[in-house]
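Participant: Need coordinates for the following:
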Amino acid sequence: MTVNNRAKGFRKRSLHKLKEPHAFHYLSQKPTFWIAVLSMFAFVSGNMLGQHGWRVFWKSVLGGTDDSLIVYTGTVAPLAKIPDYTKWSQYGGSSALHTYREVPQDLLISLPPYNQALERSSTPDQTVYSIGYMGSYETGSEGDGAHPGVDIRVPVGTPVQSVMNGIVVTVGEDSGGFGTYVVLRHPNVPDPSNSAKTTTLYSAYAHLSQTEVTEGQIVNKGQEIALSGKSGLATGPHLHFQIDRETTVDGQKISWHPYWPFTNAEARAAGLSFNAAINSTVFQERGFASTVNPMVYVQAKYAPVLVAQAQATSSKRLTSAEIRKQRVAARMAKRKTTIVAVAASSSPSSSPAVSVQIVAVTDVAMTQPSTTSSSSSSSQAALAQPQGYASIDIVQPSSFTGRQWERVTVRLLDQKGETVTNPDLRTDLYLRTAYGRAEFKPAVLTALDFSNGEARVEMLPIGRTTVVIQVQPGGVLGSPMKYEGD
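Facilitator: Purely as a prediction, here's the structure:
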């Protein structure tokens, strides 16, 4: 007998509604799902918080980098340490056969000052600067050709550093020329033609074995950017270092960096091979107009140029970039930094040294010449007040025999000429020679080396040439030490 439940008014209902769970419900039960989610989040966050992610993002939005965020704070050499080739050769070391990692740490020294006169008198195994600025492959001498940079002989793998604060514009490959190279742009730096004005320069580092930066990355002065090598057109391991102008001296914009004064077609049209064009002076004028002597610029230690922001007289709304630039200029002007540069002749003499005092004020940089005297036993030069001392006194013998280490004392003095017993030494002091050659122990003075304002240094003169000690920063010069050996 069949009963019609619907006819009798009965309905069938389930006690619990059956609802199929969402797919996420099943995934949430799996630990591997959450591990994958967290891994993806960490990957995205790490890239965006890293040194490239946000920079690339904002560059795509804003279309470039705000140059006001890149402030000129001075220069350093393109290489912090190189082998002492004289000592290294005694162990059988050679930059052509060995790498930087094979150099004993106690044989590493600071990059010597660029002085082509001394380089020409050095033996090949002691030469550091193998080709001078606008030099030639034949002589290597400065001004003999059209080589737009300076070649520095170093073993493969030597750390290369940025000479100024800047931004990476190119990380390139040129197998037939520069090899692996890096180009940095340096805005708002002192103009080598007129250091009271600012300009934009480009530094280039070529024949590298490895790069450590990416395009668009902002780098600091002294930051490691690459390792030296012998890539591209190079007969041996070295660093090609050059500094280009943004525009030529007559105002024409330079459209490529690293700059090269001629093309292969132009060399052929002049009846010259590539090497012959470099060894000649046919295209030299272009090089001088478009580049600067890179090592001379680095060693000049130009002071920052302060340009005050004019107060707005209208109701124009400033952009965020303009506001940041005004704040940077205001902070720098507030420091009231006084910088003194000591100018010295190319050869030592007993004539008074002339110093130029550059006073940073809120609206203009003023120069005031002064004269300081030097004696046979010591030399003094005024330095920046923020260093915690006013001048440096170098006490030394007036002559040397070359057979023993000489005692040199470096003193920090206040404005009254008295020794500063507890100086606030905020930067290290580097000992080198402005003329002649010598070895120093220690070659770098830190606050720990000073006792009651004095630091004792052992110096071993090399050769029979008169030696003039130099302390950086500041370019403080000692008195000439003459050779009086047998």
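Participant: low-scoring stretches of this protein, by residue?
Facilitator: For the chain, residues meeting the criterion pLDDT under 70 lie at 1-30, 33, 44-66, 116-126, 305-388, 486.
Participant: Tell me which stretches of it form helices.
Facilitator: For the chain, the helices defined by DSSP state H occupy 23-28, 31-49, 53-62, 85-90, 116-120, 264-269, 274-279, 284-290, 294-300, 320-334.
Participant: Buried residues, stretch 285-305. List them.
Facilitator: Neighbour counts using 16 or more other Cβ atoms under 10 Å place 286-295, 297-298, 300-305 of stretch 285-305 among the buried residues. The way it works is simple: take the backbone N, C-alpha and C, and place the C-beta from them, glycine included.
Participant: can you check stretch 242-250 too?
Facilitator: Neighbour counts over stretch 242-250 (16+ other Cβ under 10 Å) mark 242, 243, 244, 245, 248 as buried.
Participant: got the contact list for the closest residue to the first one other than its chain neighbours?
Facilitator: Pointing back at residue 242 there. Distances taken as Cβ to Cβ, 6 or more residues apart in numbering put residue 149 closest to residue 242, at 2.9 Å, once the chain neighbours are dropped. Neighbouring residues of residue 149 by Cβ atoms under 8 Å, 6 or more residues apart in numbering: 133, 204, 206, 240, 241, 242, 243, 258, 291, 294.
Participant: Do I have it right that the second one meets residue 256?
Facilitator: No: contact between residue 204 and residue 256 fails when scored by Cβ atoms under 8 Å: they sit 10.7 Å apart.
Participant: Settle it for me: which of the two has more neighbours?
Facilitator: The neighbour count for residue 204 versus residue 256, taken as other Cβ atoms under 10 Å, is higher for residue 204 (24 against 10).
Participant: so what's the more buried one bridging to?
Facilitator: residue 183, residue 242 (DSSP bridges).
Participant: do the same with residue 108
Facilitator: residue 83.
Participant: tell me, how many neighbours does it end up with?
Facilitator: By other Cβ under 10 Å, neighbour count at residue 108 equals 15.
Participant: contacting residues for it?
Facilitator: By Cβ under 8 Å, 6+ apart, the neighbours of residue 108 are 81, 82, 83, 84.
Participant: next one: residue 286
Facilitator: Going by Cβ under 8 Å, 6+ apart, the list of residues near residue 286 reads 146, 261, 262.
Participant: how near is the nearest residue to residue 404 once chain neighbours are set aside to residue 439?
Facilitator: Leaving aside its sequence neighbours, residue 404 sits nearest to residue 460 (Cβ to Cβ, 6+ apart; 7.9 Å). Noted for residue 460: a distance of 5 Å to residue 439, by Cβ to Cβ, to the nearest Å.
Participant: cool, residue 409 as well?
Facilitator: 17 Å.
Participant: And the two? Which one has more around it.
Facilitator: The neighbour comparison of residue 409 against residue 439 (other Cβ under 10 Å) goes to residue 439, with 17 against 13.
Participant: wait, what's in contact with that one?
Facilitator: 84, 459, 460, 462.
Participant: and what of residue 290?
Facilitator: Residue 290 is in contact with 148, 244, 245, 248, 254, 259, 261, counting by Cβ under 8 Å, 6+ apart.
Participant: tell me the domain ranges of the protein?
Facilitator: 81-300, 336-345+353-483 (automatic domain parsing).
Participant: Bridged to the residue nearest to residue 405 when sequence neighbours are not counted, which residues?
Facilitator: Leaving out its chain neighbours, the residue that sits closest to residue 405 by Cβ to Cβ, 6+ apart is residue 458, at 4.5 Å. Under DSSP bridges, the beta-bridge partners of residue 458 are residue 407, residue 441.
Participant: Was I right to think residue 458 contacts residue 406?
Facilitator: Yes: Residue 458 is within contact range of residue 406, at 7.3 Å (criterion: Cβ under 8 Å).
Participant: quick one, what contacts residue 255?
Facilitator: Contacts of residue 255 (Cβ under 8 Å, 6+ apart): none.
Participant: Distance check, the closest residue to residue 447 other than its chain neighbours against residue 450.
Facilitator: Closest residue to residue 447 apart from its sequence neighbours, by Cβ to Cβ, 6+ apart: residue 425 at 4.2 Å. According to Cβ to Cβ, residue 425 and residue 450 sit 7 Å apart.
Participant: Quick check: neighbours shared by these two?
Facilitator: By Cβ under 8 Å, 6+ apart, the residues touching both residue 425 and residue 450 are residue 412.
Participant: got the contact list for the nearest residue to residue 435 once chain neighbours are set aside?
Facilitator: Excluding the flanking residues, the one nearest residue 435 by Cβ to Cβ, 6+ apart is residue 468, at 4.1 Å. For residue 468, the contacting residues are 344, 348, 433, 434, 435, 436, 477, 478, 479, 480, 481, by Cβ under 8 Å, 6+ apart.
Participant: ok, now how distant is residue 468 from residue 474?
Facilitator: 15 Å.
Participant: ok, now residue 464?
Facilitator: Going from residue 464 to residue 474 by Cβ to Cβ gives 28 Å.
Participant: Looking at these two, which one has more neighbours?
Facilitator: Taking other Cβ under 10 Å, residue 464 and residue 474 do not tie; residue 474 has more neighbours (21 against 14).
Participant: my guess is that one meets residue 392, correct?
Facilitator: Yes: judged on Cβ under 8 Å, residue 474 makes contact with residue 392 at a distance of 6.9 Å.
Participant: I'd assumed residue 170 was in contact with residue 216.
Facilitator: No: here residue 216 does not reach residue 170: they are 10.5 Å apart, not a contact under Cβ under 8 Å.
Participant: what's the most buried one of the domains of the chain?
Facilitator: Highest mean neighbour count of these: domain 81-300, a mean of 19 (counted as mean count of other Cβ atoms under 10 Å).
Participant: for residue 450, what are its contacts?
Facilitator: Neighbours of residue 450 in contact, by Cβ under 8 Å, 6+ apart: 412, 423, 425.
Participant: and of these, the nearest to residue 184?
Facilitator: residue 425 (29.6 Å; Cβ to Cβ).
Participant: so where do the strands sit in the stretch 101-250 of the chain?
Facilitator: 108-110, 129-131, 150-152, 159-161, 166-174, 179-191, 194-211, 218-219, 224-228, 239-245 (DSSP state E, counting those that start in this stretch).
Participant: Let me know the distance separating residue 222 from residue 259.
Facilitator: The value you get for residue 222 to residue 259, if Cβ to Cβ is used, is 24 Å.
Participant: Next: residue 36.
Facilitator: From residue 36 to residue 259 the distance is 50 Å (Cβ to Cβ).
Participant: if we can go back for a sec, between which two of the contacts of residue 439 is the distance greatest?
Facilitator: Greatest spatial distance among the contacts of residue 439 (Cβ to Cβ): 84 and 459, at 14.8 Å.
Participant: Only the C-alpha atoms, please, for stretch 468-476, written as CSV.
Facilitator: What follows is stretch 468-476, C-alpha atoms only, in CSV (Å, rounded to 0.1, in the frame of the first residue of the first chain):
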residue,chain,number,x,y,z
VAL,A,468,108.5,65.3,1.6
ILE,A,469,105.9,63.8,4.0
GLN,A,470,102.3,64.5,3.4
VAL,A,471,99.3,63.9,5.7
GLN,A,472,95.8,63.5,4.3
PRO,A,473,93.1,64.8,4.5
GLY,A,474,94.2,68.4,4.4
GLY,A,475,97.4,68.0,2.3
VAL,A,476,99.7,68.9,5.2
